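1. got a structure for you, letters missing:
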DNA sequence: TGGGTTCATGACAGCGATTCTCACTTATCA
DNA sequence: TGATAAGTGAGAATCGCTGTCATGAACCCA
């Protein structure tokens, strides 16, 4: 039972408008455009309570701050280019999702998973080798 | 061409003896049993150079410090109990490994991936429902 | 074997991300 | 409207990790 506050709405609005998952710092910066006095601690507090409410999901990428995005955009994973560090969304059916709810040997009950790919995006792969006409049109 | 130092060996030895992936802090604590003056910065430096040499691999678990384990124990993933935070190793064939080297739509070339499951281990699942004396057989 | 040249080390300051604390403000409900 | 408990903002504190720098040790060559 969380209260409805301007700050909370500003944060949700910021995430809804974002083109990809944002760090708390980025949320803070953008939310200040709407609510100039909002504090960083407030952003962190709201992000974690929103996560508990299921309104946002946290995205954990190795060697990066925790990022947040609005929930309800379907199951998907992320790909990070090891060269330019850009994060891409990977959509489509996930083979690992079959294990959700399964019990693995040893009695481990799977409730969820996080899958992160790393590799080279089209532009960096081009730059490295020769050149081909691949377009990195991923969200 | 890295030099062979006592510290480096102590770190490798510590990881080889460990029952699971260790944080830099844990490696530091344990390595001090062998080499009492070893510094934390040295541990971090060696861990990353060993990682570059391919002697150890880094394990990134959400909401946890980076962990390290010796390389060459085959492709596997990790499971973290959301209750007791224990980390288990998941072995067996990995459906995602098929994508290694593949090029995803958008021209994303997959070089590697990290997969982390979270859920409840046997003992915590038991404790939640009934209670039984399951042993947390950490690998 | 000795001596010089790097590279590695240890100590610690510093940084970014996140959490904690505390006094103050405000949404909510009787 | 007023009480009250939850939420807020500011800043200190904490945690994981990296950078710096003087010192120490591994390696190469004579």
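-> Nice, I can see it. All of these numbers come straight from a predicted model, not from anything done at the bench.

2. CA atoms for contacts and neighbours, from now on please.
-> Will do.

3. buried residues in the longest strand anywhere in chain A?
-> Secondary structure of chain A per DSSP state E: the longest strand is strand A:108-120. Neighbour counts using 16 or more other CA atoms under 10 Å in any protein chain shown place A:108-120 of strand A:108-120 among the buried residues.

4. near chain B, which of the residues you listed show up?
-> When CA under 8 Å from any CA of the partner chain is applied, the members of the buried residues of strand A:108-120 adjacent to chain B are A:108-120.

5. chain B contacts on chain A?
-> A:60-62, A:95-96, A:106-122, A:125, A:134-138.

6. quick one: buried residues of the lowest-mean-pLDDT helix or strand in chain A?
-> Sorted by mean pLDDT, DSSP states H and E, the helices and strands of chain A end with helix A:122-128, the least confident at a mean of 83. Judged by neighbour count (16+ other CA under 10 Å), helix A:122-128 contains these buried residues: A:122-125.

7. which secondary structure elements does the single longest helix found in chain A contact?
-> Looking across chain A with DSSP state H, the single longest helix is helix A:40-53. With contacts defined as 3 or more CA pairs under 8 Å, 6 or more residues apart in numbering or on different chains; DSSP states H and E, helix A:40-53 has these neighbours: helix A:6-17, helix A:24-34, strand A:56-59.

8. contacts for that helix, please.
-> Here helix A:40-53 makes contact (CA atoms under 8 Å, 6 or more residues apart in numbering or on different chains) with A:7-8, A:11, A:24-25, A:27-28, A:56-58, A:68.

9. in ChimeraX, select just the buried ones from the residues you listed.
-> Only the buried entries of those go into this ChimeraX selection, using 16+ other CA under 10 Å:
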select /A:7,8,11,24,27,28,56,57,58,68
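
10. out of the contacts of helix A:40-53, which comes closest to residue A:100?
-> Closest to residue A:100 out of the contacts of helix A:40-53 is residue A:57 (16.9 Å), distances taken as CA to CA.

11. quick one: that closest one from residue A:73, how far?
-> 10 Å (CA to CA, to the nearest Å).

12. and residue A:23, how many residues sit next to it?
-> 19 (other CA atoms under 10 Å in any protein chain shown).

13. where in chain A is pLDDT low?
-> A:1, A:128-139 (pLDDT under 70).

14. near DNA strand D, which residues of it show up?
-> A:1-3, A:5-8, A:37-42, A:45-46 (CA under 7 Å from any atom of the strand).

15. in those, find the pair that's most separated.
-> Most distant of the residues of chain A next to DNA strand D, by CA to CA, are A:1 and A:37, 24.2 Å apart.

16. settle it for me: which of those two has more neighbours?
-> residue A:37 (10 against 4).

17. tell me who's in contact with the closest residue in space to residue A:118 that isn't next to it in sequence.
-> Spatial nearest neighbour of residue A:118, chain neighbours left out: residue A:80 (4.8 Å); criterion: CA to CA, 6 or more residues apart in numbering or on different chains. With contact taken as CA under 8 Å, 6+ apart, residue A:80 is in contact with A:86-88, A:116-121.

18. same question, residue A:66
-> Contacts of residue A:66 (CA under 8 Å, 6+ apart): A:23-24, A:58-60.

19. check the residues you listed against DNA strand C, which are close?
-> Checking the contacts of residue A:66 against DNA strand C (CA under 7 Å from any atom of the strand), the matches are A:23-24.

20. how about residue A:68, nearest residue that isn't a chain neighbour?
-> residue A:58 (4.5 Å).

21. tell me who's in contact with that neighbour.
-> Counting by CA under 8 Å, 6+ apart, residue A:58 touches A:51, A:66-69.

22. give me the distance between it and residue A:34.
-> When residue A:58 is compared with residue A:34 (using CA to CA), they lie 22 Å apart.

23. next one: residue A:46
-> 16 Å.

24. repeat for residue A:80
-> 30 Å.

25. do residue A:70 as well
-> 18 Å.

26. when those two are compared, which one has more neighbours?
-> residue A:70 (22 against 16).

27. ok, what's across the strand from the more buried one?
-> Counting by DSSP bridges, residue A:70 forms beta bridges with residue A:56.

28. next up, the contacts around residue A:22.
-> A:15, A:67-69.

29. and stretch A:74-89, is it in reach of DNA strand C?
-> No - against DNA strand C, stretch A:74-89 shows no contacts by CA under 7 Å from any atom of the strand, the least distance being 13.4 Å.
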